[in-house]
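> need coordinates for the following:
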Amino acid sequence: MADDQQPIVVKRIKKGGGGHHGGAWKIAYADFVTAMMAFFLLMWLLGSTAKGDLKGIADYFQTPLKVAMFGGSGSGDATSVIQGGGTDLTREHGQKKAGETDDRRRTMNLREADLREQFERIEKQKLEGLKAQLEKLIDANPILSQFKKQLLIDMTTEGLRIQIVDEKNRPMFDSASSELKPYTKVILREIGNALNGVENRLSLSGHTDATPYAGGEKGFGNWELSTNRANSSRRELLAGGMKEGKMLRVVGQASTVLFDEKDPYAASNRRISIIVLNKRTEESIMRDGKPEGSGEEESVLSVPARTE
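Numbers count the residues shown, from 1 in each chain. Predicted coordinates:
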């Protein structure tokens with residue numbers, strides 16, 4: 001072989017992939033997904049948490065060591081949502097709810113007042129309708145029309161008031177007696193039937209003039225006389241067809257509430273007063289209270305409506 005012959009060099013090339021790089025990227029991706037979940041969870045919590053709760057959380061993370069060392073409404077407080085968390089979240093949240101409750105209560109009170117006002121307006125219209133009906137009845141009835149001057153009908157703060165007053169030559173009762181005159185019975189029976197036209201209940205009071213009662217048993221005076229006259233009138237109203245359950249109160253007031261204050265002995269002071277009560281006054285009487293805006297003071301002597 002010749003000396004210039006070159007040696008044979010064999011190159012071996014390894015074929016294959018870039019080799020194994022490990023799983024570090026998977027860990028990084030998992031951390032990223034976890035962080036995103038935590039972020040969205042935080043955003044959801046912030047959106048659904050009340051301002052008071054957020055303030056308490058912020059206080060806790062701003063000065064946690066100060067609150068833990070020196071205490072406060074949020075440090076070691078069993079009523080706190082987050083112990084050591086600054087402002088007491090429960091109390092602040094509770095104050096907010098209390099305010100909302102007060103607002104709802106005020107709204108309900110306003111609605112109730114509106115409903116009551118509407119009811120009273122309708123009720124007044126009904127009572128005014130009854131007043132017109134009674135006036136027509138008096139004009140159309142030959143017996144009642146001749147007593148027109150003795151039948152006084154007006155509206156008061158208690159309701160519709162119907163007064164039957166004495167005249168000097170035409171009294172309702174026998175002298176010093178609770179016995180009704182025949183024409184007074186007719187008047188009361190006609191009125192009693194008409195009063196069924198409304199659902200309102202009634203108050204009936206008897207009155208005398210200032211003349212002292214001179215006859216009868218000892219201890220019997222104008223108080224007893226006025227009460228007996230009121231109760232006799234009640235019986236005639238029932239005889240005229242008035243429903244018994246409509247009568248709420250029967251009282252005797254003697255001469256304490258005069259029709260003619262200038263002349264305490266005038267015949268007009270002897271009268272029977274029937275009041276078709278509005279609901280407000282009826283409720284006041286049912287509560288054993290004094291009727292609001294009453295034009296007549298209730299006497300101490302009161303006879304139950306069903307006493308005969």
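> next, the residue nearest the centre of the chain: secondary structure please.
Nearest to the mean C-alpha position of the chain, counting by C-alpha atoms, centre = their mean, stands Glu112 at 5.7 Å. The three-state assignment at Glu112 reads helix, by DSSP: H, G, I helix; E, B strand; the rest coil.
> what about the helices in the stretch 201-308 of the chain?
Assigned by DSSP state H, counting those that start in this stretch, the helices in the stretch 201-308 of the chain fall at 222-239, 279-286.
> separation between the residue nearest to the centre of the chain and Leu195?
Glu112 sits at a distance of 29 Å from Leu195 (criterion: C-beta to C-beta, to the nearest Å). Every residue, glycine included, has its C-beta placed from N, CA and C.
> next up, the contacts around Glu112.
Contact partners of Glu112, counting by C-beta atoms under 8 Å, 6 or more residues apart in numbering, are absent.
> look up how far Asp139 lies from it.
As defined by C-beta to C-beta, Glu112 lies at a distance of 41 Å from Asp139.
> one more: Leu42?
From Leu42 across to Asp139, the span is 85 Å (C-beta to C-beta).
> also Asp59?
82 Å.
> neighbour count winner among the two?
Asp59 (20 against 11; other C-beta atoms under 10 Å).
> quick check, pLDDT for that one.
Asp59 carries a pLDDT value of 70.
> do the same with Val81
46.
> list the buried residues for stretch 233-251?
For stretch 233-251, burial by neighbour count (16 or more other C-beta atoms under 10 Å) applies to 233-234, 236-238, 240, 242, 246-251.
> farthest pair within those?
Distance extremes for those: the farthest pair is Gly240 and Val251 at 20.6 Å, using C-beta to C-beta.
> for the residue nearest to the centre of the chain, give its distance to Phe119.
Taking C-beta to C-beta, one finds Glu112 at 10 Å from Phe119.
> for stretch 114-132, which outside residues touch it?
Applying C-beta under 8 Å, 6+ apart, the external contacts of stretch 114-132 come out as 153, 155, 159-160, 194-195, 197-198, 200, 276, 278-280.
> what's in contact with stretch 210-229?
So stretch 210-229 is in contact with 172-173, 176, 178, 205-208, 250-255, 258, 264-265, 269, 272, 299, 301-303, going by C-beta under 8 Å, 6+ apart.
> mind exporting it as CSV, just the C-alpha atoms?
Extracted C-alpha coordinates of stretch 210-229, given in CSV (Å, rounded to 0.1, in the frame of the first residue of the first chain):
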residue,chain,number,x,y,z
ALA,A,210,-130.8,72.5,85.9
THR,A,211,-134.1,72.3,87.9
PRO,A,212,-133.4,70.0,90.9
TYR,A,213,-135.4,66.8,91.0
ALA,A,214,-137.8,67.2,93.9
GLY,A,215,-139.9,64.0,94.1
GLY,A,216,-139.4,60.3,94.4
GLU,A,217,-137.3,58.2,96.6
LYS,A,218,-134.3,59.5,98.5
GLY,A,219,-131.1,59.7,96.5
PHE,A,220,-132.9,59.8,93.2
GLY,A,221,-132.1,63.0,91.2
ASN,A,222,-131.4,64.3,87.7
TRP,A,223,-128.6,61.8,87.1
GLU,A,224,-130.9,58.9,87.6
LEU,A,225,-133.7,60.6,85.7
SER,A,226,-131.6,61.4,82.7
THR,A,227,-130.3,57.8,82.6
ASN,A,228,-133.7,56.3,82.8
ARG,A,229,-135.0,58.6,80.0
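> count of neighbours near Leu130?
Neighbour count of Leu130, defined by other C-beta under 10 Å: 20.
> that one: which element?
Assigned by DSSP states H and E, Leu130 belongs to helix 89-140.
> immediately after that helix, which helix or strand?
According to DSSP H and E, the helix or strand after helix 89-140 is helix 142-145.
> sheet-wise, list the partners of the helix or strand following that next one with their directions.
Note on helix 142-145: by DSSP H and E, the next helix or strand toward the C-terminus is strand 151-155. Here strand 151-155 has these sheet partners by DSSP bridges: strand 159-165 (antiparallel).
> and the angle for the strand it pairs with with helix 89-140?
Strand 159-165 and helix 89-140 are oriented at 30 degrees to each other (axes from the mean of the first three to the mean of the last three C-alpha atoms, to 10 degrees).
> just after strand 159-165, pick out the following helix or strand.
Defined by DSSP H and E, the subsequent element after strand 159-165 is helix 182-194.
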